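A.B. asks: Below is the structure, and that's it, no one-letter string:
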């Protein structure tokens with residue numbers, strides 16, 4: 001049996017970056033957590049046989065990448081609404097729910113990938129490698145091309161190292177990388193200078209967005225959005241492009257009256273974000289989801305809302321989540337089947353779930 005203390009000491013420092021790697025490939029926080037757990041289980045079983053022919057980091061990435069490729073054998077690309085068709089030109093239209101079979105892309109809390117990083121440059125690099133536009137575009141690549149592109153261009157492994165990880169040749173890696181880069185150039189929009197979420201301007205814009213939403217101030221929202229801003233919100237397939245359609249839709253269909261929404265600042269995918277709660281018929285606030293803003297010097301160019309209440313404790317942490325519910329006199333939701341139960345079971349310690357409910 002491997003020496004458990006030595007295994008933990010040598011492998012644990014790579015857990016966060018392996019999680020980020022799995023998330024880039026899978027587009028799902030919970031699936032990435034599962035695959036990291038699978039990676040460590042496989043590594044533990046094989047640790048005695050690790051001969052040091054490559055670095056431990058390269059060896060762990062080989063295990064993680066192949067575990068992800070196995071998971072990606074099922075053809076289920078994760079999407080955002082803008083990947084399902086053209087924008088809706090009519091802001092008065094009632095948003096159309098998407099097919100329940102569609103797998104949505106997840107946002108990821110910055111804290112899950114940057115906590116513990118001391119070098120500011122490393123933090124910036126980690127955020128840049130998780131931008132929503134990048135993660136969404138990656139989902140269009142075939143799994144092996146996706147893996148090659150991430151390993152080579154994001155993580156900067158050599159072609160020879162990637163070939164060893166994937167059990168192929170350097171020629172095949174270079175060919176896959178060339179095809180992946182060409183496809184990404186077709187998919188990726190023109191590069192915008194996204195402002196880091198910790199920058200004063202980004203913080204100010206986020207605060208103004210939250211205030212405008214909480215006060216149902218559509219005019220203030222319009223001032224924050226650039227002319228060709230995009231608005232999309234899961235689980236609806238309907239999305240909008242252009243401030244002249246985005247703002248009327250938000251005003252007439254979403255923001256309601258002052259006090260309908262409460263939002264708390266956070267960051268996701270290296271971008272400004274907010275955790276969302278919405279007032280229910282009894283006057284209390286229920287978790288709604290997370291909104292991610294793409295902020296540039298010109299203003300907000302994209303608003304991506306993820307209407308999934310199970311994301312709220314992922315971003316808030318369970319104790320904060322419970323405290324916010326208690327403030328409103330709300331009882332925490334019962335642990336049932338599905339995604340929330342999965343988070344408690346598989347991610348309890350990482351999120352601070354109470355041990356008694358993590359089963």
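C.D. replies: Right, received. Where do you want to start? All values reported here derive from a predicted model rather than from experimental measurement.
A.B. asks: in the stretch 1-150 of the chain, what spans have low per-residue confidence?
C.D. replies: 1-2, 75, 118 (pLDDT under 70).
A.B. asks: And the helices in it, which stretches?
C.D. replies: 4-11, 15-26, 29-46, 56-71, 111-114, 120-128, 132-138, 143-149 (DSSP state H, counting those that start in this stretch).
A.B. asks: which residues does residue 27 contact?
C.D. replies: Applying CB atoms under 8 Å, 6 or more residues apart in numbering, we find residue 27 in contact with 78, 105, 106, 135, 136, 138, 139. Bear in mind the C-beta positions are built from the backbone N, C-alpha and C, glycine included.
A.B. asks: Among the residues you listed, which one has the most neighbours?
C.D. replies: residue 138 (26 neighbours; other CB atoms under 10 Å).
A.B. asks: Please enumerate the strands of the chain.
C.D. replies: 225-234, 239-241, 261-268, 271-279, 285-296, 299-306 (DSSP state E).
A.B. asks: Export these to TSV and append columns for mean neighbour count.
C.D. replies: Output for these, formatted as TSV (neighbours: other CB atoms under 10 Å):
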stretch	mean neighbour count
strand 225-234	20
strand 239-241	23
strand 261-268	20
strand 271-279	24
strand 285-296	23
strand 299-306	22
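A.B. asks: Which phi and psi values does the residue lying closest to residue 84 once chain neighbours are set aside adopt?
C.D. replies: With sequence-adjacent residues excluded and distances taken as CB to CB, 6 or more residues apart in numbering, residue 84 is closest to residue 237, at 4.8 Å. Dihedral angles of residue 237 (phi, psi; degrees, to the nearest 10) stand at phi -80, psi -20.
A.B. asks: Against residue 300, how distant is residue 237?
C.D. replies: Distance of residue 237 to residue 300, computed by CB to CB, to the nearest Å: 22 Å.
A.B. asks: which residue is nearest the middle of the chain?
C.D. replies: residue 107 (2.3 Å; CA atoms, centre = their mean).
A.B. asks: which residues does the closest residue to that one other than its chain neighbours contact?
C.D. replies: In space, and not counting its chain neighbours, residue 107 is closest to residue 268: 4.1 Å by CB to CB, 6+ apart. By CB under 8 Å, 6+ apart, the contact set of residue 268 is 107, 108, 109, 110, 290, 292, 315.
A.B. asks: is it true that the last one touches residue 288?
C.D. replies: No. Checked against CB atoms under 8 Å, the pair residue 315 and residue 288 is beyond contact range at 11.7 Å.
A.B. asks: Can you spell out which residues form a bridge with the residue nearest to residue 280 when sequence neighbours are not counted?
C.D. replies: Nearest residue to residue 280 in three dimensions, chain neighbours excluded: residue 286, at 5.1 Å (CB to CB, 6+ apart). Using DSSP bridges, the bridge partners assigned to residue 286 are residue 278.
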